[in-house]
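A.B. asks: Please work out how this folds:
(chains A and B)
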Amino acid sequence: MTTAALIHVLVSGLATGSIYALMALSLVIVYNATRTLNFAQGEMLMVSTFVAWSSQRLLGLPLLAALLVAMVAAALLALVFERLVIRRAIGATHWDVLILTLGLSLILRAGAGIVWSHDEFPFPSFFADRPIALGPLRVAPASLGIIGASLVLMLALAVLFRWTRLGRAMRAVAQNQRAARLMGISVERVYASAWVLAAVVGAIAGVLVAPVIFLSSRMGLVVINGFTAAVLGGFGSMPGAVVGGMVLGVLENLAPLYLPSGIRYSVPFLVLIAMLLVRPAGLLGRVERRKV
Amino acid sequence: MRGALAALALILVAWPWVAPRYFVFLASLVLVNAVVAIGLNLLSGYTNQLSFGHAGFLAIGAYTAALVTIHAPRVPVIVTLAVAGIVTAIVGLAFGVPCLRLSGLYLAMATLAFGFVIVEAILNLDALTRGADGLPVPVARLGAWAFGGDAARYYLALVVTGLLVAGALNLTRSRIGRAFLAIRESEIAAQASGVPVARYKTLAFGVSAFYTGVAGGLFAFLVGFLSPDAFDVFLSVDFVVMIILGGLGSVPGSIAGAAVVTVLNDGLAAFQNYRPLIFGVILIACMLFMPGGIVGAARALARRLSAPSGGRPCASSSAA
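C.D. replies: Numbering: from 1, shown residues only, chains lettered A, B, ... in the order given. As a prediction, this is how the structure comes out:
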């Protein structure tokens, strides 16, 4: 295999990986704030991407405006579900929240099927189709665009978490909820913010990836890849989520070259099982110590 | 209570004579799903290890039973079902032992991935399983008897389910069942009280897989044709809905949940798009308003009815 072809595979792997990384970041943002997993994160991504598509097709909005509509829709959806359901289940364990969000994911997926059908739709892209020639290399602009846009978004998240008041509050709640509350931080507001922030990141990821994989109600399954990416990097670690996403994307694109082609769809699952069994703390994570 | 149970037993035995043929099949499916729900509940409801991969275990049991019957048609069906259960239990143990390191959502996601990998494995091992083409299952035999008709298969499922329900009820009232419950309430407290947590969690995995494997064998004979897409993740989700709706940590609850979900599934067959929507609403409504499931709600109702006349309401344990 030539170097150029290998680089091509690596670039598309990194592009897929960027999406996994964004999905993983969404999961980790909610997990760090609330210590629960939002199983419906992928379906929320799917629904907000469909909203972007509809606003673009029906209202004739430009793609950028459609993206904004999708982000607002995602934020509203997250806010409503968090306020109406998650917060009612006070004292809910991660178990309960997992079941609640499983219910939400079933509802969203079925709802999308009813409103938009279970077909696949082409989705307009921000980027041109024609491959860019970089010397002997030919790379798809979509891949470079996805990688670039994801990196910008990740940088924005890093800034948010490091330097803004909300980001500090979220990190404080992640470290010690009771201490954060005693310092006057509204834990409830942090919960809601985490849900909204994660949903908005998901909406952006959805609009970025939809042109490549087509828009369909099956898109929500990306939550599993996102979870795998987060576990790979160490669940709860944000840099870990990014690294894990990239590694998973590259692995998934490389595996069919060296292994039977049927294995491609099993890659995330096999990686997840292997990682959980061998090193549950992940590449960059730390083992959580439990106190009684 | 005893009278109600006797009436239920009578209805179950007489069912093939009174019900139309299709409803005999549906009742058999309820029995099979009840066995899976009990198996899942032993793991998730009793021992607090959530599994989203039981469709994978069901597939292993079903394909094992089918392959045994194809390659050794003379083996009695009881032995075939036992083999299906044991093979699945071995896989369950092999998967469960390393999973001891995982808890909560990590375990849920690992089992979810397990379910996907099993389906992919069936698709790719087409020399054995005939992959996506599907595998026809021969008729089950026990000596001279052939379980060819709907009624015969119903009685096979009824007898096997009866045995397994009795086994589960006994198990949950034994030292093992109490150990499971202790682990659910608090692993640390259970360990401190001398319950070997790792051993019992592994045992729960094995027993749960055994139940699901036997159910898989029954399922194979019942439908007569296996294809990998029947065992997708949404089936695993159906099983989770059954135990949440029926009541976590309850054998009668598992049966009730399996019955409701199976009949609902069948009734909504014409409304495929709305089915997951309704199940999603059921899940959320149960978690918010009926955390004990059907069994919990029935118990609360019985307590309210008996309280004015019967004096002090008796606080029954959740381990029924």
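
A.B. asks: Going by C-alpha atoms from here, please, whenever you check contacts or count neighbours.
C.D. replies: Fine.

A.B. asks: Smallest gap between the stretch 51-200 of chain A and chain B, at which residue?
C.D. replies: A:Gly103 (3.8 Å; C-alpha to the nearest C-alpha).

A.B. asks: so where's the stretch 101-250 of chain A shaky on pLDDT?
C.D. replies: Across the stretch 101-250 of chain A, the ranges flagged by pLDDT under 70 are A:135-136.

A.B. asks: Near chain B, which residues of it are found?
C.D. replies: A:102-111, A:113-114, A:224 (C-alpha under 8 Å from any C-alpha of the partner chain).

A.B. asks: so of these, which ones are in helices?
C.D. replies: A:102-111, A:113-114, A:224 (DSSP state H).

A.B. asks: Out of those, which end up buried?
C.D. replies: Buried members of those, scored by 16 or more other C-alpha atoms under 10 Å in any protein chain shown, are A:Leu102, A:Gly103, A:Leu104, A:Ser105, A:Leu106, A:Ile107, A:Leu108, A:Arg109, A:Ala110, A:Gly111, A:Gly113, A:Ile224.

A.B. asks: Out of the ones in helices among the residues of the stretch 101-250 of chain A next to chain B, give me the two with the largest separation.
C.D. replies: Spatially, the most separated pair among these is A:Ile114 and A:Ile224, at 23.3 Å (C-alpha to C-alpha).

A.B. asks: show me the contacts for the spatially most central residue of chain B.
C.D. replies: Residue closest to the average C-alpha location in chain B (C-alpha atoms, centre = their mean): B:Val36, at 1.1 Å. Applying C-alpha atoms under 8 Å, 6 or more residues apart in numbering or on different chains to B:Val36 gives the contacts B:His54, B:Leu58, B:Tyr211, B:Thr212, B:Ala215, B:Phe239.

A.B. asks: nearest residue to the fourth one other than its sequence neighbours?
C.D. replies: Think B:Thr212. B:Val36 (4.8 Å; C-alpha to C-alpha, 6 or more residues apart in numbering or on different chains).

A.B. asks: Distance to B:Ala9 added to the buried ones among the ones in helices among the residues of the stretch 101-250 of chain A next to chain B, as CSV?
C.D. replies: Listed next are these as CSV, based on distance: C-alpha to C-alpha, whole Å:
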residue, distance to B:Ala9
A:Leu102, 35
A:Gly103, 34
A:Leu104, 38
A:Ser105, 38
A:Leu106, 36
A:Ile107, 37
A:Leu108, 41
A:Arg109, 40
A:Ala110, 38
A:Gly111, 40
A:Gly113, 42
A:Ile224, 44
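
A.B. asks: which of those residues lies closest to A:Ser26?
C.D. replies: Closest to A:Ser26, out of all of those and judged by C-alpha to C-alpha, is A:Ile224, at 12.2 Å.

A.B. asks: ok, so what distance separates that closest one from B:Trp17?
C.D. replies: 47 Å (C-alpha to C-alpha, to the nearest Å).

A.B. asks: Quick check: buried residues in the helix or strand encompassing the residue nearest to the centre of chain B?
C.D. replies: For B:Val36, the host element (DSSP states H and E) is helix B:21-41. Neighbour counts over helix B:21-41 (16+ other C-alpha under 10 Å) mark B:24-41 as buried.

A.B. asks: Kindly report the same for stretch A:87-106.
C.D. replies: A:89, A:92, A:94-106.

A.B. asks: surely B:His142 meets B:Val77?
C.D. replies: Quick fix: residue B:142 is Leu, not His. Yes - in terms of C-alpha atoms under 8 Å, B:Leu142 counts as a neighbour of B:Val77; the distance is 5.5 Å.

A.B. asks: So if I had to pick from these two, which one is more boxed in?
C.D. replies: A direct count of neighbours by other C-alpha atoms under 10 Å in any protein chain shown for B:Leu142 and B:Val77 places B:Val77 higher, at 25 against 14.

A.B. asks: Specify which member of the contacts of B:Val36 is nearest to B:Gly249.
C.D. replies: Distances from B:Gly249 to those, taken by C-alpha to C-alpha, are shortest for B:Phe239, at 14.0 Å.
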